[in-house]
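A.B. asks: Pasting the sequence and the predicted coordinates here, then a few questions.
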Amino acid sequence: QVQLVESGGGLVQAGGSLRLSCVASGGTFSSYTMGWFRRAPGKEREFVEAISSKGGTTYYKNSVKGRFTISRDNAKNTVYLQMNGLKPEDTAVYYCAATQTTATPVTEERYDYWGQGTQVTVSS
C-alpha cells in the first residue's frame with residue numbers, strides 16, 4: 001500500500017509560482033509512474049502531468065505546457081510540480097497519484113493510489 005502526501009499549495013497572485021511536492025511511502029517509489037491531477041470548483045478532476053518511473057518520459061496537459069514542470073527524486077521518494085506563470089484558471093485542488101500501468105498514464109482510471117490533495121488558489 002502506497003501512501004502519498006502533497007504539500008506546497010497556497011494563495012498566489014496571477015503570474016506567480018508555486019512548487020508542489022508529493023512524498024510517497026509504503027512502496028518502491030522508483031517502480032511507479034507518478035502523476036498530478038487537479039479538480040477545479042464545479043469541475044471533474046483532470047490530468048495535469050505525469051512522469052515515468054525513472055523520470056525519462058513526461059506527459060502533460062496542453063494548457064500547462066511551458067508553465068508547469070514535473071520532476072522526481074527517487075532517492076527522496078518525492079515528485080514535484082513546479083508551476084510558473086500561474087493563472088486564475090489554475091485554481092484547483094491538486095492531487096498526486098501513483099500507478100504501475102504500462103499504458104499511457106493520462107487518465108485517472110490508470111492510477112491506483114492517491115494523495116489527499118493540496119489547494120492552489122490564484123488571484124487575479
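C.D. replies: Now that the structure is in, tell me what you want to look at.
A.B. asks: contacts and neighbour counts: CA atoms only from here.
C.D. replies: Will do.
A.B. asks: What number of residues are in the vicinity of the residue lying closest to Gln1 once chain neighbours are set aside?
C.D. replies: What sits nearest to Gln1 in space, not counting adjacent residues and going by Cα to Cα, 6 or more residues apart in numbering, is Gly26, at 5.7 Å. For Gly26, the neighbour count with other Cα atoms under 10 Å is 9.
A.B. asks: One more: Arg45?
C.D. replies: Arg45 - counted by other Cα under 10 Å - has 17 other residues nearby.
A.B. asks: I'd like the distance between it and Thr91.
C.D. replies: Look at Arg45 and Thr91: by Cα to Cα, to the nearest Å, they are 12 Å apart.
A.B. asks: so what's the residue nearest to Gly115 when sequence neighbours are not counted up against?
C.D. replies: Of all residues not flanking Gly115 in the chain, Leu4 sits nearest, at 4.6 Å (Cα to Cα, 6+ apart). By Cα atoms under 8 Å, 6 or more residues apart in numbering, the contact set of Leu4 is 22-25, 96-97, 113-116.
A.B. asks: do the same with Gly16
C.D. replies: 84-86.
A.B. asks: Compare those residues and tell me which is most surrounded.
C.D. replies: Highest count within the contacts of Gly16 by other Cα under 10 Å belongs to Leu86, 23 neighbours.
A.B. asks: Wait, it touches Gly10, no?
C.D. replies: No - Leu86 sits out of contact with Gly10 when judged by Cα atoms under 8 Å, with a separation of 11.9 Å.
A.B. asks: mind checking pLDDT for the most centrally placed residue in the chain?
C.D. replies: In the chain, the centroid-proximal residue (Cα atoms, centre = their mean) is Trp36; its distance is 2.1 Å. The model reports Trp36 with a pLDDT of 98.
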